[in-house]
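[1] Below: sequence and its predicted model.
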Amino acid sequence: MKNSRTLPLGFRRLTGIALTVAGIAIAPASHAELRFEISGVGASQIPVAITSFPGEEGAPQQITNIIRADLTRSGVFKLIDNSDSLSDSSTINYNDWKGRGANALAVGSVQRLADGRFDVRYRLFDTIKASQLSALSFGSQPQLIRLTAHKIADDIYEKLTGIPGIFSTRIAYVTRSGKEYRLEVADADGEGVQVALRSNEPIISPAWSPDGGKVAYVSFEAKKPVIYIQNLVTRQRTLVANFKGSNSAPAWAPDGSRLAVALTRDGLTQVYIINADGSGLRRLTNTAGIDTEPRFSPDGNYIYFTSDRSGGPQIYKVSPNGGEAQRVTFGGSYNISPRISPDGRTLAFISRREGKFQLYALDLTNGQEQRLSDTVKDESPSFSPNGKYIMYATESGRRGSLAIVSTDGRIKQRLTTQVGDVREPTWGPFMK
C-alpha cells in the first residue's frame, strides 16, 4: 500500500481542493456523444431481420436504424440484410424469411398524428414456428422517438432471449476536458448526453438511486470531498454528508432510503450508514484499518466493502445491522471496488496482479473466478440492470475511456469521446 495513486479513494490521503460550480441543472452537452467500438459476439447469435417501418422517414430519427444498432451492439443477434419495408398489418411469408436465414422478423409502421405525436406500431414474429411473439404500439412525442426505438429493441431482446433488454436504460459518468469536470447522463448507447454538473475540480463516485431519478456523488466544492444527491427531474441538489475529514463512496440501499458511505470523521476511513436526507448517521465498521467502497447487496442483507484489515486490500461483507465481517476475496493480494450483480450471484471487482489492474468476476455460489478484461488500468465496475454486462473505466493512450464486457467475457465494447477523458461510470436501473 505504498503507492497511493493506485488505491481507491478511501485509501488515499486527500488534501484541500477548491471548486467552482458553474451549474448543476441538467443541460444538453455541447460536445460529441460517446462513440462505440464493438468486438466479439455471443456463443450463439440469433438471426433476426428488422424491416424498415413505413412512414419512419417522417420521424425525427429512423427508428429501425436505432433498433438495428441496439441489437448489433449487444453481440447476441445476427442481423439479416434486407431492403424490405413491411408494416405491422402486412401478411408475413414465413417460409420466405426462414429461407433467408431469419429465425425472427420485426415489422412496424410510423404515422404522424394531428397533435404532433407519432403512432409507432411494431410486431415480432417467430419464422420457425410461424407465430407472432409480440405486438406493441406507442404514442410517442417527437423528442421520445429514440426512447421508443430502444423500448422496441428491449422487447425483441427479451422475447428472443428471455432476459430483459437494457437499451432504454441510462448511464452516468464523469468527463474531463481541460480544467472542466462534468457529471453527464446519457442513454445506454451513449446518445442523448445531458450535463448534470459542471465543475473546475473533481467529481467522483456517481451512484444511481434505485428509482433512477437521482444520482449521489462526491464533489470537492467545500475544499474537501462532500457527498450530494441530485434529483435529475427537479434539479434539486441535497447535501448528505459533510463531516470532518473525507466523505466519500456513496452507495444506495435497495429501497432508496439510506446510503452506505465511507467517512474519516473518527480517524481512519470506516463505513457508515446514513439516511438519504442526511440524518441518522450510524457507524457500521470499527477497525484499526481502512474500510471503504461499500456496496449493498441487491436483497439488502449485506454490505460489501474494501478493507486492508488482512494486510492488503480485500473485499469483505457485513450485515447492515453490524456484526463480524466475512472475507469474500482470496485470489490475489490486492482486490478492490466490489460490485454485486442484480441477482446477487456474482461479484465484480478490480484486482491487481502482475502489476495490472483488471476486471474480475467471482461466482459467489461456487467460488470460481474469471478475468473479464484485457486492459491493464481498470477501475469503477458497474453491472447492467439485467446483470449480463459490466461497464468499467479504463485507459487508452493515456486518456480515460469506458468499456463494456459481457459477464461471460465474449462481447467487448469501448466507449470514447473525441475530447477529454471519461471515467467513473455507473449504470442506471430499469426505469419504471
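    On my side now, so go ahead. Numbering: from 1, shown residues only.

[2] Show me where the stretch 201-350 of the chain has its strands.
    203-208, 214-219, 226-231, 237-241, 247-252, 258-263, 270-275, 282-283, 291-296, 303-307, 314-318, 326-327, 335-340, 346-353 (DSSP state E, counting those that start in this stretch).

[3] The last one: how far from the chain's middle?
    Read it as strand 346-353. On the basis of CA atoms, centre = their mean, to the nearest Å, strand 346-353 is displaced by 17 Å from the centre of the chain it belongs to.

[4] Each with direction, which strands does it pair with?
    Under the criterion DSSP bridges, strand 346-353 sits next to strand 335-340 (antiparallel), strand 356-363 (antiparallel) in its sheet.

[5] And the second one, by the same measure?
    Take DSSP bridges as the rule and strand 214-219 pairs in its sheet with strand 203-208 (antiparallel), strand 226-231 (antiparallel).

[6] Can you say which of those is nearest to Gln314?
    Of all the strands paired with strand 214-219, it is strand 203-208 that lies closest to Gln314, at 20.2 Å by CB to CB. (C-beta placed from N, C-alpha, C; glycine too.)

[7] and the angle for the closest one with strand 247-252?
    Relative orientation of strand 203-208 with respect to strand 247-252: 10 degrees, computed using axes from the mean of the first three to the mean of the last three CA atoms, to 10 degrees.

[8] Can you name the residues in contact with strand 203-208?
    With contact meaning CB atoms under 8 Å, 6 or more residues apart in numbering, strand 203-208 is reached by 9, 172-174, 181-183, 197, 214-220, 225, 248-252, 424, 426-429.

[9] quick one on the thing from earlier: out of the strands paired with strand 346-353, nearest to Arg121?
    Comparing the strands paired with strand 346-353 under CB to CB, the one sitting nearest is strand 335-340, at 38.6 Å.

[10] before we move on, the earlier item: highest mean neighbour count out of the strands paired with strand 346-353?
    Of those, the one with the most neighbours on average (mean count of other CB atoms under 10 Å) is strand 335-340, at a mean of 24.

[11] Now do that one and strand 291-296, the angle between them.
    Using the same axes, to 10 degrees: strand 335-340 against strand 291-296 is 10 degrees.

[12] Give me the angle between strand 335-340 and strand 314-318.
    Using the same axes, to 10 degrees: strand 335-340 against strand 314-318 is 40 degrees.

[13] can you tell me the distance between the two ends of stretch 290-302?
    For stretch 290-302, the separation between the terminal residues is 18 Å (CA to CA, to the nearest Å).

[14] Same check on stretch 41-52?
    Across stretch 41-52, first to last residue, CA to CA, it's 24 Å.

[15] let's have the chain start at 13 instead
    Will do, 13 is the new start, and the previous item becomes stretch 53-64.

[16] quick one: low-confidence parts of this protein?
    13-45, 48, 50, 52, 54-55, 431 (pLDDT under 70).

[17] secondary structure element for Asp82?
    helix 75-86 (DSSP states H and E).

[18] Buried residues, that helix. List them.
    Across helix 75-86, burial judged by 16 or more other CB atoms under 10 Å covers Ile75, Thr76, Ile78, Ile79, Arg80, Ala81, Asp82, Leu83, Arg85, Ser86.

[19] What segments of this structure are helices?
    75-86, 106-111, 157-173 (DSSP state H).

[20] Tell me which residues of the shortest one come out buried.
    Which is helix 106-111. For helix 106-111, by 16+ other CB under 10 Å, it's Tyr106, Trp109, Lys110.

[21] now the strands of the stretch 213-362 of the chain as a markdown table including distance to Leu91?
    Formatted as a markdown table, the strands of the stretch 213-362 of the chain follow (distance: least, CB to CB, whole Å):
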| stretch | distance to Leu91 |
| --- | --- |
| strand 215-220 | 31 |
| strand 226-231 | 34 |
| strand 238-243 | 38 |
| strand 249-253 | 43 |
| strand 259-264 | 37 |
| strand 270-275 | 42 |
| strand 282-287 | 46 |
| strand 294-295 | 52 |
| strand 303-308 | 36 |
| strand 315-319 | 39 |
| strand 326-330 | 40 |
| strand 338-339 | 46 |
| strand 347-352 | 31 |
| strand 358-365 | 29 |
